[in-house]
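In: Quick one, what's the 3D model for this:
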Amino acid sequence: MNLSLSLEHLRHTVLISRMEWTQKGYKGSHIFIRPSSDSSVQDLWREMQQLSLPITLSLEELLDFGCVYISSERIKKPDYVITPQQVLEIYLSPKRYLKPFDLSERILEKNNNFLIVHKPGAVPCHPTIDNEKENLLFWYSELLGEKLGLPHRLDQGTEGLLILTRNQDSLSTFTKMFAEKLIEKKYLALVEGRWEKLGLITHFMKPDARAPKILSVTDPGGWKPCALAVEQVDVWENFSVLDIKLITGRTHQIRTQLAFEGYPIRGDNLYGSSGLPSNGFDLCCYKLAFTFPGNPDQQTFSLWNT
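Out: Sure thing, here's the model as predicted:
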């Protein structure tokens with residue numbers, strides 16, 4: 001919902017949007033300003049402070065977190081000048097994430113080309129729209145003193161194995177390997193309900209960037225195929241642990257497919273779980289296997305002996 005403010009002491013067009021994120025119950029303020037004349041970010045910020053806005057961080061802190069945009073591009077300088085043809089966009093309440101204290105201990109593999117790390121749940125693996133510093137890619141780049149690459153992603157709430165690359169060649173190689181399905185990915189999911197079906201599960205996902213994702217059993221036209229295989233099931237009371245081989249790699253795919261079948265992952269409220277989320281939800285990428293160029297043998301990385 002957008003609220004247009006017309007204030008005598010503010011000479012610019014201001015739109016305040018209340019943002020309600022679907023995950024983790026995050027609520028923050030999102031403000032847009034179109035200046036009536038050329039103005040610096042700093043000058044506009046001084047005028048904004050006259051409004052009754054939930055501002056808890058300084059402009060310098062918001063710039064450092066990457067919360068300030070000009071026409072959808074992040075900026076870092078408070079003296080950046082905005083024209084009336086541009087829009088200043090600020091996320092006033094960035095969502096914060098705790099840095100794991102055991103980053104070094106979470107490295108399973110480290111060589112000249114890549115790292116394999118154990119991502120905890122409830123921590124993003126890459127910059128978010130209102131926080132570009134509190135994520136695994138940033139923290140491990142800081143730890144190693146080098147710029148790392150991210151050839152794939154795990155959802156914020158998902159735990160598990162994550163590949164970080166150490167050079168452009170390995171980033172390109174892994175990106176291609178993921179696209180060509182040359183990397184085996186295994187997951188464990190704790191779902192609500194007593195699952196009984198083994199084997200291939202297929203659906204079609206609507207090509208929409210928004211969440212929650214929408215699936216169909218048949219292709220309405222132009223929807224993306226989704227496939228996973230449930231290879232083993234352990235049932236306990238009204239919960240089931242599924243051992244899953246991910247075949248395609250769509251955003252939210254496992255979460256969406258299991259929920260579509262009527263078995264949401266415990267703690268995944270976005271897709272219908274009745275459980276309360278804590279540190280993420282109960283989905284873990286526990287195994288990756290691949291053959292990296294230059295190494296004739298397949299490499300397998302697992303959180304547990306399976």
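In: Show me what the helix or strand harbouring Leu242 packs onto, helices and strands only.
Out: Assessed by DSSP states H and E, Leu242 sits inside strand 239-246. Helices and strands in packing contact with strand 239-246 are listed as strand 184-192, strand 224-236, helix 253-260; criterion 3 or more Cβ pairs under 8 Å, 6 or more residues apart in numbering; DSSP states H and E. For glycine as for every other residue, the C-beta is placed from the backbone atoms N, C-alpha and C.
In: Could you quantify the relative orientation of that strand and strand 184-192 as an angle?
Out: Interaxial angle of strand 239-246 relative to strand 184-192 (axes from the mean of the first three to the mean of the last three Cα atoms, to 10 degrees): 160 degrees.
In: List the buried residues of strand 239-246.
Out: Neighbour counts using 16 or more other Cβ atoms under 10 Å place Phe239, Ser240, Leu242, Asp243, Ile244, Lys245, Leu246 of strand 239-246 among the buried residues.
In: Next: stretch 273-289.
Out: Of the residues in stretch 273-289, those buried by neighbour count under the rule 16+ other Cβ under 10 Å are Ser273, Gly275, Pro277, Gly280, Phe281, Asp282, Leu283, Cys284, Cys285, Tyr286, Lys287, Leu288.
In: ok, which pair from the residues you listed is furthest apart?
Out: Across the buried residues of stretch 273-289, the longest distance by Cβ to Cβ is 27.2 Å; it joins Gly275 and Leu288.
In: what residue ranges in the stretch 51-200 of the chain are flagged as low confidence?
Out: Along the stretch 51-200 of the chain, no part satisfies pLDDT under 70.
In: quick one, strands of it?
Out: Listed in chain order, the strands of the stretch 51-200 of the chain (DSSP state E, counting those that start in this stretch) span residues 68-70, 73-74, 81-82, 88-91, 107-110, 114-119, 159-165, 184-192, 199-205.
In: before we move on, the earlier item: out of the buried residues of strand 239-246, who's nearest Leu171?
Out: Nearest to Leu171, judged by Cβ to Cβ, of these is Leu246 at 20.8 Å.
In: what's the closest non-adjacent residue to Thr291?
Out: Computed as Cβ to Cβ, 6 or more residues apart in numbering, the closest residue to Thr291 that is not its neighbour in sequence is Gln298, at 4.9 Å.
In: returning to that earlier point: just the closest of the buried residues of strand 239-246 to Pro35, please.
Out: Among those, Leu246 lies closest to Pro35 (Cβ to Cβ), at 47.4 Å.
In: got the contact list for the closest one?
Out: Neighbouring residues of Leu246 by Cβ atoms under 8 Å, 6 or more residues apart in numbering: Lys185, Lys186, Tyr187, Leu228, Gln253, Ile254.
In: redo that, cut-off 6 Å
Out: Listed by Cβ atoms under 6 Å, 6 or more residues apart in numbering, the contact partners of Leu246 are Lys185, Leu228.
In: Show the model's pLDDT score for it.
Out: Here the pLDDT value assigned to Leu246 is 98.
In: Could you list everything it pairs with in the sheet?
Out: According to DSSP bridges, the partner residues bridging Leu246 are Lys185, Leu228.
In: Next, find the distance separating it from Ser141.
Out: To Ser141, Leu246 is 26 Å away according to Cβ to Cβ, to the nearest Å.
In: Next: Phe281.
Out: Distance, Phe281 to Ser141, by Cβ to Cβ: 27 Å.
In: what does Thr256 give?
Out: Going from Thr256 to Ser141 by Cβ to Cβ gives 31 Å.
In: Next: Ser39.
Out: Ser39 is 34 Å from Ser141, by Cβ to Cβ.
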